[in-house]
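Enquirer: pasting the sequence and the predicted model now:
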Amino acid sequence: MPVTNPHIQNLLKCIDLEEKEQVQRYSLDQQHTLKSLKAEGLALHPIIVTKKNFGYADYPEITFRLAFPPEVSLFKDGAAIECFCAGEEPVKGVLLNLDGKSGEFRLFAPDFPDWIEDDGVGIKLAPDQRTTTIMKTVLNQLEGRKDLYQLFQYLHGETGEISEPAPPEKTSLTFSNTRLNESQQEAVKAIVENTGITIVHGPPGTGKTTTLTEAIVQLVKAGEKILVAAPSNTAVDNIAKGLLAQGINILRTGNASKTDEAIFAHTPEGKLANSRQLKEIKQLKIRAEEFRKMALKYKRSFGKAEREQRNLLFKEVKNIRIEIKKLQAYNEEKLFEEASVILGTPIGLYDAGVNDMKFHSLLIDEAGQCIEPLAWCIFPLADKYVLAGDHFQLPPTVLSNEAARLGFNRSILEVAIQTVKNIFLLNVQYRMQQSIAGFSSNYFYENRLQTAAHLISTNRHITFIDTAGSGYNEMQGKDGMSLQNEGELQIVQKLLTTENLDATATAFISPYAGQVAAAKELLPKQLRISTIDSFQGQEKEIIILSLVRSNDDGDIGFLKDYRRMNVAITRAKQQLFVIGDSATIGADNFYNRFLTYIEEYGIYRTVWEFEL
């Protein structure tokens, strides 16, 4: 049956547009040189291979490092990649993780390519056809699933209220965490009493993970089986650690190679580490290794008969791998049944084979970063839902401008917050000094965001350094793709000295990848240097924010997405320095209000004070 719902049709169209854009953008050809892919943050090259091993499912896994920390905001955990080397056939794979200069990926191949340790090996993003196929399948089936389709229509404002079971009688909870504030306690109660869909709106520093952890503990106490998802592995692991500290029986699905020891013990691989079943898997791996060695005797140049023999041997390796997967799935089934809480990324959970299981509650953390179709991949697994996040921070990354125009970068949180009634704001922030948090509270959170008592003072912790009239104009970066502003970087160098800032406690952030690339060449190596997009979810004692834009036309480009600015100004715990040109940004109402706020609650300085 063809899809009739216009919202579903639109999402399917967006997926096609995004897929086409990925194919076009990620191609390595005459139009897209390696240099241009690297400049756009779509390729990492060269990589230095530091370790090779066969992973849990016997796929080749490669640990690598980079000579310098690149701009990697698009290289998310689980991203589809290709490993390449000039003149060789690229090999498809998946990025397991990337942290600063080091990372790890898995190849979908019988063995490591012969050239994997040659000079000039790199990885680039590739179209993620698997995720695309899963999302399309789920959306195409949605109209045929009555309860789920009813929820979809409700979230999109096509119907009124959804029919929810009567809420349980209000229970007085005994909190495991006795330090929760009133808004956190209210959110926990709402999650426990939830019968349909509840939103926990957690602005920066308000203890969202702490709140969700307590809510899950309470749900488990009440006998529920819980599914927890988040688009990033870091967010999943943060909740996993909180639950382990409370003695909850968890199972963490997905890539286990980079999880710390405490969590690894609660992955399928960790739990089966010393079992009889693992010995069987090891035997199969040894057999696979023997066939691989036999196949590798046939090196790069060989005739038809040798090629056929090599292919047969690799086919046997593939069959053994299928056998290993079946054995793992059989053994993991029991682990899934025993666990009170199962955690992973949406696709990680989809892949984990929990599709036949039913959970009482599904909690999606970082729901403001989760594109809507991904949420529908896991919604069928539970009876009720909790979405947690902040729709006033950056939305999910979408490559296709046309798909973004059609709303594809609207997260599941942004969609749901329009119609869902049960919204609970966590209203006390524990990260920043009051003067740093004040503007965000005023502009984004209707002044409802309070600051914890120990962070309230009359001191001014936010400084604006105005470059107006200095001639420090923006210019095209070396890559010709992104803007930079050399004058603002000179101010940063002076600032580090004159203010005696501790580089290890400081991060330099900017909206423009060109400015970040230039900063990495000029600024001290101990400084954390990143785009705003890559720094979302992180924090530092001191933040230096370079806005870059300085021109005669008042053109501020994508500084127009004020959510990016909200992320930027809420990363600093003790001191925030913002460098920008008031003449360029001041014509915009948002930045005008920001400058007015600085004059009242911060420190306003001009570039001339630095006598550059």
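Expert: Perfect, thanks for sending it. Numbers count the residues shown, from 1 in each chain.
Enquirer: middle-most residue in the chain, spatially?
Expert: Ser232 (4.0 Å; CA atoms, centre = their mean).
Enquirer: quick one, helices of the stretch 151-300 of the chain?
Expert: 182-193, 208-221, 233-245, 261-264, 268-271, 276-296 (DSSP state H, counting those that start in this stretch).
Enquirer: what mean pLDDT does stretch 555-569 have?
Expert: Average pLDDT, stretch 555-569: 95.
Enquirer: the chain should start at 17 in everything you say after this.
Expert: New numbering, starting at 17: the last item is stretch 571-585.
Enquirer: Phe593 should be in a strand, yeah?
Expert: Yes: Phe593: assigned to a strand according to DSSP: H, G, I helix; E, B strand; the rest coil.
Enquirer: next, count neighbours for it.
Expert: Neighbour count of Phe593, defined by other CB atoms under 10 Å: 24. For glycine as for every other residue, the C-beta is placed from the backbone atoms N, C-alpha and C.
Enquirer: which residues touch it?
Expert: 479, 481, 511, 558-561 (CB atoms under 8 Å, 6 or more residues apart in numbering).
Enquirer: 6 Å instead?
Expert: Shown here is Phe593, whose contacts under the criterion CB atoms under 6 Å, 6 or more residues apart in numbering are 479, 560.
Enquirer: name the helix or strand of the protein that has the lowest mean pLDDT.
Expert: helix 292-312 (a mean of 80; mean pLDDT, DSSP states H and E).
Enquirer: I'd like the next helix or strand past that one.
Expert: Of the helices and strands lying after helix 292-312 in sequence (DSSP states H and E), the nearest is helix 320-354.
Enquirer: packing partners of the next helix or strand after that next one?
Expert: Moving toward the C-terminus from helix 320-354, the next helix or strand (DSSP H and E) is strand 357-360. Helices and strands touching strand 357-360, by 3 or more CB pairs under 6 Å, 6 or more residues apart in numbering; DSSP states H and E, are strand 242-245, helix 249-261, strand 266-268.
Enquirer: still on that earlier bit, just put the helices of the stretch 167-316 of the chain in a markdown table and tack on distance to Phe168 and mean neighbour count.
Expert: Converted to a markdown table, the helices of the stretch 167-316 of the chain look like this (distance: least, CB to CB, whole Å; neighbours: other CB atoms under 10 Å):
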| stretch | distance to Phe168 | mean neighbour count |
| --- | --- | --- |
| helix 198-209 | 22 | 20 |
| helix 224-237 | 24 | 23 |
| helix 249-261 | 25 | 20 |
| helix 277-280 | 34 | 14 |
| helix 284-287 | 32 | 20 |
| helix 292-312 | 40 | 15 |
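Enquirer: quick one: which of those is nearest Tyr617?
Expert: helix 198-209 (23.7 Å; CB to CB).
Enquirer: now that closest one against helix 224-237, angle please.
Expert: If you take axes from the mean of the first three to the mean of the last three CA atoms, to 10 degrees, helix 198-209 sits at 40 degrees to helix 224-237.
Enquirer: pull the CA atoms of helix 198-209 into PDB?
Expert: Output in PDB follows, covering the C-alpha atoms of helix 198-209 (Å, rounded to 0.1, in the frame of the first residue of the first chain):
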ATOM      1  CA  GLU A 198      12.300  20.400  43.200                       C
ATOM      2  CA  SER A 199      12.100  20.600  39.400                       C
ATOM      3  CA  GLN A 200      14.100  17.400  39.100                       C
ATOM      4  CA  GLN A 201      11.800  15.600  41.500                       C
ATOM      5  CA  GLU A 202       8.800  16.800  39.600                       C
ATOM      6  CA  ALA A 203      10.300  15.400  36.400                       C
ATOM      7  CA  VAL A 204      11.000  12.100  38.000                       C
ATOM      8  CA  LYS A 205       7.400  11.800  39.300                       C
ATOM      9  CA  ALA A 206       6.100  12.700  35.900                       C
ATOM     10  CA  ILE A 207       8.200  10.000  34.200                       C
ATOM     11  CA  VAL A 208       7.000   7.400  36.800                       C
ATOM     12  CA  GLU A 209       3.400   8.400  36.300                       C
END
